[in-house]
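*Asks:* What would the 3D arrangement of this be:
(2 chains)
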Amino acid sequence: GNSVTQMEGPVTLSEEAFLTINCTYTATGYPSLFWYVQYPGEGLQLLLKATKADDKGSNKGFEATYRKETTSFHLEKGSVQVSDSAVYFCALSHLQGAQKLVFGQGTRLTINP
Amino acid sequence: DAGITQSPRHKVTETGTPVTLRCHQTENHRYMYWYRQDPGHGLRLIHYSYGVKDTDKGEVSDGYSVSRSKTEDFLLTLESATSSQTSVYFCAISEGQGGTEAFFGQGTRLTVV
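*Replies:* Predicted structure coming up:
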């Protein structure tokens, strides 16, 4: 079946540090890949996505590249800010049919000033 | 922000009682979903709908039922609540199929005592 594995959290960094959150997946066919972010007390919102191999999604300084050979979609940011503190979810879905997202367990990120 | 309203936002109920959570959208999106969020599991799909009166099961559907009598409303019912159903429940909507963005409500925190 389909599954997503994220690096264990929580992750604590200082402001302006480099961020990597690892995500690997298992899926049949060629899924679309997503990073969603959840700020305290809120629902999830899409951060970025990639729909085919070698695509790079980017938004708000975050980037992730769809690596089919390593079945990975790692999230990176060159210089994090306190406002990036949130829970980050990696997810996949297939292009056909409903947007049935399969999520990783989430990684809680805290950025200290 | 996508127009998604979940109600109630918080609920405490007793074991064995029926509970209905409501999701209302103003976006006229075709697809609607119910997820539950639990520590260590990320979000898991309970049920989804692909049109009025068209619904299907997700990964963790046991103990839950859904109904969609209008495009804008998607109801999740716990027929007889159990403590294992204590969770945060999120409604989501999407316009297209997999690969498109899903928009999430703010969540309903349900506690079964």
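
*Asks:* how about the most centrally placed residue in chain A, phi and psi?
*Replies:* Chain A has A:Trp35 as the residue nearest its centroid, 3.3 Å off, counting by C-alpha atoms, centre = their mean. Backbone torsions for A:Trp35, taken as degrees, to the nearest 10, come to phi -120, psi 130.

*Asks:* So it is in contact with A:Lys56, correct?
*Replies:* No: using C-beta atoms under 8 Å, A:Trp35 is not in contact with A:Lys56; the gap is 12.0 Å. To be clear about C-beta, it is placed using only N, CA and C from the backbone, and glycine gets the same treatment.

*Asks:* between these two, what contacts are shared?
*Replies:* A:Ala64 (C-beta atoms under 8 Å, 6 or more residues apart in numbering or on different chains).

*Asks:* Kindly report the residues of chain B close to chain A.
*Replies:* Taking C-beta under 8 Å from any C-beta of the partner chain as the contact definition, chain B meets chain A at B:4, B:31, B:33, B:35, B:40-45, B:48, B:50, B:56, B:58-59, B:90, B:92, B:94, B:96-107.

*Asks:* Could I have the buried ones of those residues as PyMOL selection syntax?
*Replies:* A single PyMOL command is used to select the members of the residues of chain B next to chain A judged buried by 16 or more other C-beta atoms under 10 Å in any protein chain shown:
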select buried, chain B and resi 4+31+33+35+42+43+44+45+48+58+59+90+92+94+97+98+99+100+101+102+103+104+105+106+107
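
*Asks:* Who is the residue positioned nearest the centre of chain B paired with across the strands?
*Replies:* Chain B has B:Trp34 as the residue nearest its centroid, 2.7 Å off, counting by C-alpha atoms, centre = their mean. Applying DSSP bridges to B:Trp34 yields these beta-bridge partners: B:His47, B:Cys91.

*Asks:* Now do the contacts for the residue nearest to the centre of chain A.
*Replies:* The contact partners of A:Trp35, taken as C-beta under 8 Å, 6+ apart, are A:23, A:46-49, A:57, A:62, A:64, A:73, A:75, A:88-91.
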